[in-house]
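In: what would the 3D arrangement of this be:
(one chain, ligands or ions: 1)
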Amino acid sequence: MSDSKKARMRELTDQLQQYSHAYYNLNQTIVPDAVFDELFDELVALETAFPDFVQPHSPTQRVGATPLDKFSQYEHALPMLSLEKAKTDDELVQFNKRISDSLDVENDIVFCCEPKLDGVALSLHYQHGVLARAVTRGDGFTGEDVTHNARTIKSIPLKLLGSDQPAMLEVRGEAYIPLSQFAQMNDRSGSSGEKLFANPRNAASGSLRQLDAKVASSRPLSFSAYSVGDVDDEHAKLDQQSHYARLLQLQGMGLAVSPLLKKVTGINAVIDYCQDILQQRDTLGFEIDGVVIKVDSLAQQQALGFVARAPRWAIAFKFPAQEQLTTLLDVEFQVGRTGAITPVARLAPVVVGGVTVSNATLHNQDEINRLGIKIGDTVTVRRAGDVIPQIVAVILDRRPAQARDIIFPTRCPVCHSAAERVSGEAVVRCSGGLFCPAQLKESIKHFVSRKAMDIDGLGDKLVEQLVDQQLVKTPADIYTLDMPALIGLERMAEKSALKLLNAIKASGETSLPRFIYALGIREVGEATALNLAQHFGSLQAIMDATAEQLLAVSDVGTVVAEHLQSFFAEPHNQQVIADLQRVGITWPDISVQQASAQPLAGCTIVLTGTLSAMGRDDAKARLQQLGAKVSGSVSAKTYAVIAGDNAGSKLVKANDLNVPVWTEQQMLELFSSNGVA
Ligand code: IVH
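Out: Residues are numbered from 1 along each chain as shown. Now for the predicted structure:
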């Protein structure tokens, strides 16, 4: 073999060893998983070709890394293995063929499928139904005893339900942190100046490997069971035939199993399942990196047995990675509606989770400091769920010599007014107000948007032209636009100009909540605008309100009250409002209802399925008029779920939780009996 191949094997071994030490022992991710996997696969290929040159300390010679020595060690009765991987449908078909051939069966094989959670493996030992021990995977043979932390995880029962439990039952599963809780946890850490976690998996791993259970208990860990390990079960309480049946038994004992667990027949059904889960990936609420497929029959599993590191009867179908490496090419500064100057990273385009990413937000100066990032750096970008791409880490040992510091502007990059950082705030703001074309553009875009004045046909590009050509300098100018002015614009024919003028005119008859929202007062969203309108009934009353009176409105705290008062105190804003009224914007005042007189005051309502009489936004607005809070998720505290056609999981959950379910007709009757049009 060539010396260059030998050298490459040595290099890969060293690199991988270093990465996995950081990952397993120090809870640090140096490179994204996908990069690690690629290097690992390259090494496996070389070692297969040149078996005589496998080094004893190669990462392929053990399952993971050696555990830290500060926890007590525990040897697994049965090793915790890893899974073979498939990336294409074809590889799934080959997997199916291998096992069919090996089992010598003609019939379709029955598989048990579920999402592959992106957390950390955890083994729970139940002795006569009582949680006796919890052990991490460690190197697959020996793990760390983290019983003290596992006991703090609410989804792990301390005692299993039902009598006559096996003398010993080892449950294996994944400890993980749901995305919403991860975001909250990082927000909390961020505001208290603690270090942020790059992703939910690192957070789960770091939380589980705390010496102090108090720390772990403050972390939002969950657990989902995916298999049975070691058992001593003389009464044969556990099902002896099917993996799927066993998981349902675990569920019956009080453990969580995946709500997406499914038994399917034949590899084509497996492929469909994988596609289905991939479609749902961004909306699941927790991170997954693929699907795990297992032969369901325990007898067939036993017949198939194991290869070196993995069972022959299971495979992981891997989804596109949600983290990748790329280069930070430059940083640009964008000015938002409220003047906030946001650094935006321009990246060498890279495909992350199936989508090409070339921009990511860097949030603010604090985030730049925290990352310690420079232009030219190699960075890890991450795209998960619906959120905008983030830069989560910098690979310092790849920093080029000519890397440049990111310099925050001291003047607005658009209007050159001074840029100011308010003490106690992370953001830097342009002080130009509506004099700044960038702020003006964003304010106008907000003003005309669907939930504000709702001017159909006045899109972002058009707003930019109107501001650039100085046809619009304040929101009221929109209402004095005429045919000659519009015709002069790019791609604006007479017909569309006429349509736009009609839409502008129609928008002038609005509602008080829309008008308040359209003003773009900081932190006054749709819901707050509605509460203000209902509480005070007229714009004048809101403008005249004292801080104390404002604080009496639900959702209004001291920060929002301050923003409202300083907005209305500003002569320039008073002028904007007067001009808008002068050009004919009107709305009916609202008769002020006492909150307690509202029939749905304090009730949380969830809308699901398709409504036929009105859109969801309209139904929501009417429910809010009756005092309801409209939420997107069902819990035991939900007052009622209104189910339209084809209602899905929310309806199921409502029924599970005994939450009342109303039809659309019942909702309409409620509206008409309360005079809500
Ligand atoms: S089954 C014999 N099912 O993926 C191996 N593993 O490479 C049995 N994982 O670290 C594993 N979700 O913790 C299985 N539904 C699932 C899983 C799952 C995540 C993790 C597991 C292990 C890795 C296996």
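
In: pick out the residue in the protein sitting closest to the ligand.
Out: Nearest to the ligand, among the residues of the chain, is A121, at 3.1 Å (Cβ to the nearest ligand atom). (C-beta placed from N, C-alpha, C; glycine too.)

In: find the nearest non-adjacent residue to that residue, please.
Out: Residue nearest to A121 in three dimensions, not counting chain neighbours: R137, with 4.1 Å by Cβ to Cβ, 6 or more residues apart in numbering.

In: how about V583?
Out: Y479 is the one closest to V583 (Cβ to Cβ, 6+ apart), at 3.9 Å.

In: quick check: that neighbour is in a strand.
Out: No - counting by DSSP: H, G, I helix; E, B strand; the rest coil, Y479 is not part of a strand but helix.

In: check contacts around it.
Out: Neighbouring residues of Y479 by Cβ atoms under 8 Å, 6 or more residues apart in numbering: I504, G508, L580, V583, G584, I585.

In: distance of it relative to P588?
Out: Plainly put, Y479 is 19 Å away from P588 if you go by Cβ to Cβ, to the nearest Å.

In: then T361?
Out: Noted for T361: a distance of 40 Å to P588, by Cβ to Cβ.

In: which pLDDT value belongs to D386?
Out: The model reports D386 with a pLDDT of 63.

In: my bad, should have said S2
Out: 74.

In: could you find the closest non-adjacent residue to Q322?
Out: That would be G353: by Cβ to Cβ, 6+ apart, it lies 4.4 Å from Q322.

In: more neighbours: T361 and P588, which one.
Out: Per other Cβ atoms under 10 Å, whichever of T361 and P588 has more neighbours is T361, with 16 against 10.

In: how about F40, what does it touch?
Out: By Cβ under 8 Å, 6+ apart, the neighbours of F40 are L16, P59, T60.

In: so which of these belong to helices?
Out: Within those, residues falling in helices by DSSP state H are L16.

In: pLDDT, neighbour count and distance to the ligand added to the contacts of F40, as a markdown table?
Out: Shown next, in a markdown table, are the contacts of F40 (pLDDT from 0 to 100; neighbours: other Cβ atoms under 10 Å; distance: Cβ to the nearest ligand atom, whole Å):
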| residue | pLDDT | neighbour count | distance to the ligand |
| --- | --- | --- | --- |
| L16 | 83 | 19 | 16 |
| P59 | 74 | 24 | 14 |
| T60 | 75 | 18 | 14 |
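
In: from the contacts of F40, which is closest to T142?
Out: P59 (16.4 Å; Cβ to Cβ).

In: for the nearest residue to that closest one once chain neighbours are set aside, give its distance to D52.
Out: Of all residues not flanking P59 in the chain, L16 sits nearest, at 4.4 Å (Cβ to Cβ, 6+ apart). According to Cβ to Cβ, L16 and D52 sit 20 Å apart.

In: with N531 instead?
Out: 74 Å.

In: what about stretch 581-592, average pLDDT?
Out: Here the average pLDDT along stretch 581-592 is 88.

In: go through that stretch and flag the buried ones.
Out: I585, W587, I590 (16 or more other Cβ atoms under 10 Å).

In: and for stretch 353-371?
Out: G353, V357, A360, T361, L362, H363, N364, Q365, E367, I368, L371.

In: helices - which of those residues land there?
Out: Using DSSP H, the buried residues of stretch 353-371 in helices are Q365, E367, I368, L371.

In: tell me the pLDDT at the second one?
Out: Yep, that's E367 we're talking about. 89.

In: need the contact list for it.
Out: Per Cβ under 8 Å, 6+ apart, neighbours of E367: A426.

In: what's the most distant pair in the ones in helices among the buried residues of stretch 353-371?
Out: Greatest spatial distance in those: Q365 and L371, 11.0 Å, computed using Cβ to Cβ.

In: and stretch 272-289 with the ligand, contact?
Out: No - with Cβ under 6 Å from any ligand atom as the criterion, the ligand is not reached by stretch 272-289; the gap is at least 7.7 Å.

In: using PDB, write out every CA atom in that stretch.
Out: Extracted C-alpha coordinates of stretch 272-289, given in PDB (Å, rounded to 0.1, in the frame of the first residue of the first chain):
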ATOM      1  CA  ASP A 272     -43.100   5.500   2.600                       C
ATOM      2  CA  TYR A 273     -42.800   5.900   6.400                       C
ATOM      3  CA  CYS A 274     -39.400   7.500   6.100                       C
ATOM      4  CA  GLN A 275     -40.600  10.000   3.500                       C
ATOM      5  CA  ASP A 276     -43.600  10.800   5.700                       C
ATOM      6  CA  ILE A 277     -41.400  11.400   8.800                       C
ATOM      7  CA  LEU A 278     -39.000  13.500   6.700                       C
ATOM      8  CA  GLN A 279     -42.000  15.700   5.600                       C
ATOM      9  CA  GLN A 280     -43.000  16.200   9.200                       C
ATOM     10  CA  ARG A 281     -39.400  16.800  10.400                       C
ATOM     11  CA  ASP A 282     -39.600  20.600  10.800                       C
ATOM     12  CA  THR A 283     -42.900  20.500  12.800                       C
ATOM     13  CA  LEU A 284     -42.300  17.600  15.200                       C
ATOM     14  CA  GLY A 285     -41.100  19.800  18.100                       C
ATOM     15  CA  PHE A 286     -38.000  17.700  18.700                       C
ATOM     16  CA  GLU A 287     -34.900  17.000  16.700                       C
ATOM     17  CA  ILE A 288     -34.500  13.800  14.800                       C
ATOM     18  CA  ASP A 289     -31.800  12.800  12.500                       C
END
